[in-house]
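Engineer: coordinates only, sequence not included:
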């Protein structure tokens, strides 16, 4: 295997092996001391450069830093020390001039781990290709939705909701997102597309159809009322005097990872929670219902707490729905959820 091809693969997969770019530079300097390009089992893979030589090959790296990165490479299992009795690096040659014994750094472990390095490299490249494709799908769908919104504006309350969702999506796409986050974003945009696409017109042929129409009218009326309430300034105020924003963020800091800007106000928290909600399985319509039942900031508090413990929640969408239903009956408030949270690093209360 070509030594430089191995190094390139390791550079791609360096995070899997806990290596920095400077550790890789030191490994490159060690590989440059091998006379042949191929790494071959049984060949002399022990190199014995002095620290001064290595330092020169990594553009004057201080010896203390050099020793630290050599230790990192040893701990990573990519090289091994082959020390002489006096701790120096050198080689003995036979009468034919060939090296018979060498003391220094053995690169055999690097050769042994080449299949693992290549597998890790291929996996990361495949993941990067998937992320690129997902990002392209999100960008294209976002573009189509923007054009659709401009060409065929929906009723006012849906227009505002769609504009908010598209603005949050644009913000999200400026960041480096995981495949999971991009999938969730694409799903939320798809749901928004379904919401904006008008349903086919039907004839009210039966009483059941008429009843359905009445329910739809009531649903539209509820949506209009909700969006009217959503615009009221007091909805961005704290949901309760018992909930302190800084205390909530101390107990549930994971929400910061999804914020475009630092969360300093309740409205910042709401915007971030609105972006996160589809990622944890909360449908946009259910999110709207939650905002109606709990208030904008109440729903944001619930999503913030859920995100912090999402690995323990089997069905986040169903869980959020149950909390919304309990809130409508007056049997749930977000304060209790915040009080039950432990800040990271604290033990659970007995």
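Structural biologist: Cool, got the structure. Note that this is a predicted model, so its numbers are computed, not measured.
Engineer: What residues does the nearest residue to residue 91 once chain neighbours are set aside make contact with?
Structural biologist: Excluding its sequence neighbours, the residue lying closest to residue 91 (Cβ to Cβ, 6 or more residues apart in numbering) is residue 102, at 4.1 Å. Where you see a C-beta, it was placed from the backbone N, CA and C, and this is true even at glycine. By Cβ atoms under 8 Å, 6 or more residues apart in numbering, the contact set of residue 102 is 44, 46, 47, 48, 82, 90, 91, 92.
Engineer: tell me the contacts of the closest residue to the third one other than its chain neighbours?
Structural biologist: Read it as residue 47. Excluding the flanking residues, the one nearest residue 47 by Cβ to Cβ, 6+ apart is residue 33, at 3.9 Å. Residues near residue 33 by Cβ under 8 Å, 6+ apart: 47, 48, 49, 53.
Engineer: Show the buried residues in these.
Structural biologist: Buried members of the contacts of residue 33, counted by 16 or more other Cβ atoms under 10 Å: 47, 48, 49.
Engineer: so where is the stretch 51-200 of the chain shaky, pLDDT-wise?
Structural biologist: 90, 94-100, 154-157, 198-200 (pLDDT under 70).
Engineer: hang on, the earlier thing: adding secondary structure and distance to residue 62 as columns, could you present the contacts of residue 102 in CSV?
Structural biologist: CSV is the format used below for these (DSSP: H, G, I helix; E, B strand; the rest coil; distance: Cβ to Cβ, whole Å):
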residue, secondary structure, distance to residue 62
44, coil, 29
46, strand, 25
47, strand, 20
48, coil, 21
82, strand, 24
90, strand, 23
91, strand, 26
92, strand, 30
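Engineer: export those residues to CSV and tack on distance to residue 319?
Structural biologist: Listed next are the contacts of residue 102 as CSV, based on distance: Cβ to Cβ, whole Å:
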residue, distance to residue 319
44, 62
46, 59
47, 58
48, 62
82, 57
90, 66
91, 66
92, 70
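Engineer: For those, pick the one with the most neighbours.
Structural biologist: Highest neighbour count within those, by other Cβ atoms under 10 Å: residue 47, with 23 neighbours.
Engineer: ok so, going back, could you check the pLDDT of the residue nearest to residue 47?
Structural biologist: Here, the pLDDT recorded for residue 33 equals 89.
Engineer: Tell me the secondary structure at it.
Structural biologist: Look at residue 33: counting by DSSP: H, G, I helix; E, B strand; the rest coil, its state is coil.
Engineer: one step back: which two of the contacts of residue 102 have the greatest separation?
Structural biologist: Farthest pair in these (Cβ to Cβ) is 47 and 92. Separation: 14.8 Å.
Engineer: Mind jotting down where the helices sit in the stretch 1-150 of the chain?
Structural biologist: Ranges of helices in the stretch 1-150 of the chain, per DSSP state H, counting those that start in this stretch, are 3-12, 21-31, 51-57, 63-75, 108-112, 114-151.
Engineer: Reformat these into TSV and put distance to residue 174 next to each item.
Structural biologist: Shown next, in TSV, are the helices of the stretch 1-150 of the chain (distance: least, Cβ to Cβ, whole Å):
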stretch	distance to residue 174
helix 3-12	24
helix 21-31	25
helix 51-57	39
helix 63-75	33
helix 108-112	38
helix 114-151	11
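Engineer: how's the chain carved up into domains?
Structural biologist: The domain map for the chain lists 3-112, 121-197, 228-340, with the assignment taken from automatic domain parsing.
Engineer: tell me the most buried of these?
Structural biologist: Across the domains of the chain, averaging neighbours per residue (mean count of other Cβ atoms under 10 Å) puts domain 228-340 on top, at a mean of 18.
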